[in-house]
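*Asks:* give the three-dimensional model of this entry:
(chains A and B)
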Protein chains: 2
Amino acid sequence: MSTTTSQVTSDVKSAVVDTVSRAKEAARTLSRASTEQKNTALAAMAKYLHSQRPIILEANARDVKAAQTQGLSSALIDRLRLNEQRLSEMETSIEAVIALPDPVGAVLREWRRPNGLSIRKVRVPLGVIGIIYESRPNVTSECASLCVKSGNAVVLRGGSESFHSNQAIGAALKQALVAAKLPEAAVSTIPTADRAGVDVMLQLDQLIDVIIPRGGEALIRKIVETSRIPVIKHAKGVCHVYVDEAADAAMAETIVLNAKCQRPATCNAMETLLVHERMAPAFLPSVIRRLEAAKVEIRGDERTRALVPGLKAATEEDWVTEYLDLILSIRVVRSLEEAIEHIGRYGSAHSDAIVTKDEASAKRFVQEVDSAAVFVNASTRFTDGFQFGLGAEIGISTDRLHARGPMGLEELTTYKYVVYGTGQIRE
Amino acid sequence: MSTTTSQVTSDVKSAVVDTVSRAKEAARTLSRASTEQKNTALAAMAKYLHSQRPIILEANARDVKAAQTQGLSSALIDRLRLNEQRLSEMETSIEAVIALPDPVGAVLREWRRPNGLSIRKVRVPLGVIGIIYESRPNVTSECASLCVKSGNAVVLRGGSESFHSNQAIGAALKQALVAAKLPEAAVSTIPTADRAGVDVMLQLDQLIDVIIPRGGEALIRKIVETSRIPVIKHAKGVCHVYVDEAADAAMAETIVLNAKCQRPATCNAMETLLVHERMAPAFLPSVIRRLEAAKVEIRGDERTRALVPGLKAATEEDWVTEYLDLILSIRVVRSLEEAIEHIGRYGSAHSDAIVTKDEASAKRFVQEVDSAAVFVNASTRFTDGFQFGLGAEIGISTDRLHARGPMGLEELTTYKYVVYGTGQIRE
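*Replies:* Take a look at the predicted model:
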C-alpha cells in the first residue's frame, strides 16, 4: 500500500470505481429485500460454496504455493490454507446466520408530539460496507453473510496473498445471489490484487458508507490516515486482569490461566496481570508456576521479581504491548486505585477484569475503568459476539462511535425517522 | 486552513496539544460527575455568562470592528454580533439543559447468559468532543452546555473572525466550572486564531474522540480530508417536498410555503418541489403565485414552465444545490416512482416529504426514500432536536454512522458492557 494515488494506473482505478459503483446500486435493492429473500440467498450461498469446493481449493492451492515461494511465515500460510473442514465450517457459519433475527425494519422507538406528529425511529441498513482484511479467506464468507442478512452490500478487499481464494469464494457467493434473484454486486470483491486498489477504495466516500478494517496495527493506522470514509477500527487489545486483595485465590488463578492461555492470539486475551500487594505473596508464586508450566514467558516488575526470583524484567514498553502470544507482563500494585490508573494509562480500553469478593471494589472498578467490556469475576475472553449472545460477530470495535465492543447484525445498521402528520407546519 | 502541518510553528502546535491534553484529563473527571454536580455547573455557567456580559460584549465589539475593517459581508457580521438579547438567549438555553434528563448511566439492555454471566449495556460519555464551527459565538455556550450535561469534555474551535468573543465566553464558562468544583479544562477553547491550529487538532486521535464540524461545505470537506479523528458531518440538506397525485391541494400549498419560506437559510428548508403530472396543472399556477408573492425565485423544468410561462429554467446544477435562500427549483414528475428516483439521485438524504391522501403511496415513499427524516403530510422544517422532542440539539447529522438526523444528549454518548460473573472461564 505504499503506492500513492498519483501512481495508480487508470486501470486499477476504473476497476475499483466500477466494482464499488455496482455495489452501491445493489445496496438499494438489498435494503428493500424481505427477510425471506435474504435467507434464501444465504442458503444458496452455503450451497454454492459446497458445490464449488474443488474450484475454491484449487484457487487456494495457488495462493498457498505463491506464499511458500515468497517465503511467508508458516503461521501465515496456516491461516491462509483452506481444507474440507474449514470449508464445512464456512458453510455452517452461513447457515447459522439464517436463524438470526433480521434487524432491518425494527421500530426502535415510537412517540407522538403535542402537535400530533407521530414519530418512529426505524432500523435501516448502513448501505455499502467496505471490509479490508488480511489473510484468512473464511472472513470473506463470514462478512458477506452478515452484511447480506443486515441488508447491506459489501465490498471485500482481502490480503493480496489470498487473492485467488477470495475471488473464488466471492464468485460462488455471487452465483448464489443471482440464484436467489438478488443483485450479484451485493457481494463484491475488489478485482485486483494491486495494493493501490485500497487507496482508490478509501477515497470513495460517495459510494461506501463505512470501512471496517480487520488486521494488524500497521494496516489499521494506514487506513485511518488515508480514508475519507468513516472507519470503525478493530484495533488492538491490551487487556488486564486485576486480582484484588479480596479475591478468591483459586478463582483468580483459573481466570488468569484462561485469559492468558485459552487462545493467546486473540484480542481479548490478557496481556498484563495486576495483583494487589497484599494478595501477591501468596498468589503470585503459585500462579506463575502454573503459567510457566503452560509455556508462558513471564515479565515481572520489581516487586514481582522479588517474590519470584529469576523472572525477566518488564519494561515500560511491555505495559503497552499486545503480545498475542504466550507472554505475560505482571505488576504488583498498592491499591485498587493504582490498578485502575494503570489500566487507564497503558490499556487499550478493550476488555479488563477484576477478581474480587468485595462488592464496593467491583462497583468502583466497573465505573472507573472505561473499557468496551469490564468484567467482574470472569475471563476477558468472553468479549465476543457469540459469547455475549449477539448470535454473530463481524468483529470487535475498539472505537467509541457507533459500535463499541462486539459488533453483531444490529451494529451493521443505522436508523431513519419516519414522521406522519396531518398537514402540520412549523410556526 | 491552507497551512500544512510542516509550516505550523511549534508554538501553535504546543498550545493546541497542551489545551487538548488538559481536556482529555478533565474528561475522566467529568465522566464520573453526578447529575447534581453537572447541573450545578450549568447553573453557574448561566450565572457567569450574565455577570460577565460587559467583558463579552467588549470582546465581541473587537471582533465586529475587525470584521468590518476586513470588509466581511453584512450577513456574516450580523451572525457574529452579540447583544443583550442574544446573551439572554444563551443563558436561557443553558438553563433549559439543566431540566433535561442525564443520559449517562442509563442501562440500555440487560440480560443473562446460559453460563450465568450477567451482562448490562450501560450508557457512558463519548469522552472529548471537538467542535469546529463558523461565526455565531452562541454556538460556544450551546455546545459546551450539552457536552457538560452528557459528561463529555469539549474542545471548541470557532471561526477566527469570532476569536475574541469565543475566548471571553469560554473564560466565563471555565470560571463557572471551577466554582462548581469541576475541572475548568472540561470546556476548552483553542487558544490561537491561527488556522494551523485546526490541522494540529485534527491529528490528535489519541486525545479527541469525535469531531463535529458545523459550517459550510468547504469547511466540512477540508475536515473530512484532514482528520484522523472520526467525524460526524453536519453537511448540506437538499430537501424535497413531493406533491402526489392524491394530495390535498390546500394542505400541499401550506406545507410547500412553510418548507420554503419559514426559515429558508436552514438545512431542513425545501430546495426542490416535485409535483405529480396529474396534480401539476391545478396546483402549480396557484402555489407559484403565492411563492412569488413571498419573494421566492422559481426555477422550473420544461413542464413547469409550460404551465407557468416566464419562469427561469432549472438546470442539472439546480437539482443538487442547497440554496439556503428564497430560491426554489420545481419539477413535474410522471409518477411516485420518478419522484423517489429523483430524490435518491439528487438529494442529500436529509429531510424529504410526501403530501398524499393515499396510504399505499405514503408507505412506499417512507420505505424507499432513504433519508434521515421522511415526512408524510408535514413540513420538512420539523427535522430538529427540539421539534422531535429530544429537548436539545447539537446539530443535525448527515452521516449514517453513530447518529443520523437531530443529535441530542443521547447521541453524545456511547456505551460499555458491564459483565458480572462467578468465576466463569471460556472452554
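
*Asks:* C-alpha only now, for contacts and for neighbours.
*Replies:* OK.

*Asks:* residues making contact with stretch A:49-59?
*Replies:* If you take Cα atoms under 8 Å, 6 or more residues apart in numbering or on different chains as the criterion, stretch A:49-59 is touched by A:L82, A:N83, A:E84, A:L87, A:S88, A:E91, A:H164, A:S165, A:A168, A:I169, A:A172, A:L173.

*Asks:* for that stretch, output the C-alpha coordinates as PDB.
*Replies:* Taking C-alpha atoms only, stretch A:49-59 is exported to PDB below (Å, rounded to 0.1, in the frame of the first residue of the first chain):
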ATOM      1  CA  LEU A  49     -19.700 -22.800  -1.500                       C
ATOM      2  CA  HIS A  50     -20.300 -26.500  -1.200                       C
ATOM      3  CA  SER A  51     -20.700 -27.300  -4.900                       C
ATOM      4  CA  GLN A  52     -17.700 -25.200  -5.800                       C
ATOM      5  CA  ARG A  53     -15.300 -26.700  -3.200                       C
ATOM      6  CA  PRO A  54     -13.000 -28.100  -5.900                       C
ATOM      7  CA  ILE A  55     -12.600 -24.600  -7.600                       C
ATOM      8  CA  ILE A  56     -12.100 -22.900  -4.300                       C
ATOM      9  CA  LEU A  57      -9.500 -25.400  -3.100                       C
ATOM     10  CA  GLU A  58      -7.600 -25.100  -6.400                       C
ATOM     11  CA  ALA A  59      -7.500 -21.300  -6.200                       C
END
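
*Asks:* list the buried residues in it.
*Replies:* Buried positions in stretch A:49-59, judged by neighbour count with 16 or more other Cα atoms under 10 Å in any protein chain shown: A:L49, A:H50, A:R53, A:I56, A:L57, A:A59.

*Asks:* nearest to chain B among the contacts of stretch A:49-59?
*Replies:* The closest of these to chain B turns out to be A:S88 (Cα to the nearest Cα; 21.9 Å).

*Asks:* quick one: the closest one and B:Q37, what's the gap?
*Replies:* A:S88 sits 57 Å away from B:Q37, taking Cα to Cα, to the nearest Å as the criterion.

*Asks:* before we move on, back to that, select from the contacts of stretch A:49-59 every entry located in helices.
*Replies:* Under the assignment DSSP state H, the contacts of stretch A:49-59 contribute A:E84, A:L87, A:S88, A:E91, A:H164, A:S165, A:A168, A:I169, A:A172, A:L173 to helices.

*Asks:* state which one residue of the stretch 1-150 of chain A is found closest to chain B.
*Replies:* A:L126 (6.5 Å).

*Asks:* for chain A, same thing?
*Replies:* Residue of chain A nearest chain B, by Cα to the nearest Cα: A:H402 (3.7 Å).

*Asks:* mind putting the contacts of stretch A:49-59 into JSON lines with distance to A:I232, neighbour count and pLDDT?
*Replies:* Listed next are the contacts of stretch A:49-59 as JSON lines, based on distance: Cα to Cα, whole Å; neighbours: other Cα atoms under 10 Å in any protein chain shown; pLDDT from 0 to 100:
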{"residue": "A:L82", "distance to A:I232": "28", "neighbour count": "22", "pLDDT": "96"}
{"residue": "A:N83", "distance to A:I232": "31", "neighbour count": "13", "pLDDT": "96"}
{"residue": "A:E84", "distance to A:I232": "32", "neighbour count": "12", "pLDDT": "96"}
{"residue": "A:L87", "distance to A:I232": "28", "neighbour count": "20", "pLDDT": "96"}
{"residue": "A:S88", "distance to A:I232": "29", "neighbour count": "14", "pLDDT": "96"}
{"residue": "A:E91", "distance to A:I232": "27", "neighbour count": "22", "pLDDT": "96"}
{"residue": "A:H164", "distance to A:I232": "27", "neighbour count": "24", "pLDDT": "96"}
{"residue": "A:S165", "distance to A:I232": "25", "neighbour count": "30", "pLDDT": "97"}
{"residue": "A:A168", "distance to A:I232": "27", "neighbour count": "21", "pLDDT": "97"}
{"residue": "A:I169", "distance to A:I232": "25", "neighbour count": "25", "pLDDT": "97"}
{"residue": "A:A172", "distance to A:I232": "28", "neighbour count": "24", "pLDDT": "98"}
{"residue": "A:L173", "distance to A:I232": "25", "neighbour count": "29", "pLDDT": "98"}
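
*Asks:* if I pick the residue of the stretch 1-150 of chain A closest to chain B, what's in contact with it?
*Replies:* So A:L126 contacts A:N152, A:D209, A:V210, A:L412, A:T413, A:T414, B:R400, B:L401 (Cα under 8 Å, 6+ apart).

*Asks:* dihedrals phi and psi, the first one?
*Replies:* Per-residue torsions, A:N152: phi -100, psi 150 (degrees, to the nearest 10).

*Asks:* that one: neighbouring residues, count only.
*Replies:* A total of 31 residues lie near A:N152 under the criterion other Cα atoms under 10 Å in any protein chain shown.

*Asks:* can you give me the helices for the stretch 101-250 of chain A?
*Replies:* Under the criterion DSSP state H, counting those that start in this stretch, the stretch 101-250 of chain A carries helices at the ranges A:138-149, A:163-179, A:196-203, A:217-226, A:249-261.

*Asks:* worst average pLDDT in these?
*Replies:* Lowest mean pLDDT within the helices of the stretch 101-250 of chain A: helix A:217-226, at a mean of 90.

*Asks:* just the buried residues of that one, please?
*Replies:* Buried-residue list, helix A:217-226, by 16+ other Cα under 10 Å: A:L219, A:I220, A:I223, A:V224, A:T226.

*Asks:* would you list the residues you listed in a markdown table and tack on distance to B:R32?
*Replies:* Formatted as a markdown table, the buried residues of helix A:217-226 follow (distance: Cα to Cα, whole Å):
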| residue | distance to B:R32 |
| --- | --- |
| A:L219 | 34 |
| A:I220 | 31 |
| A:I223 | 33 |
| A:V224 | 30 |
| A:T226 | 35 |
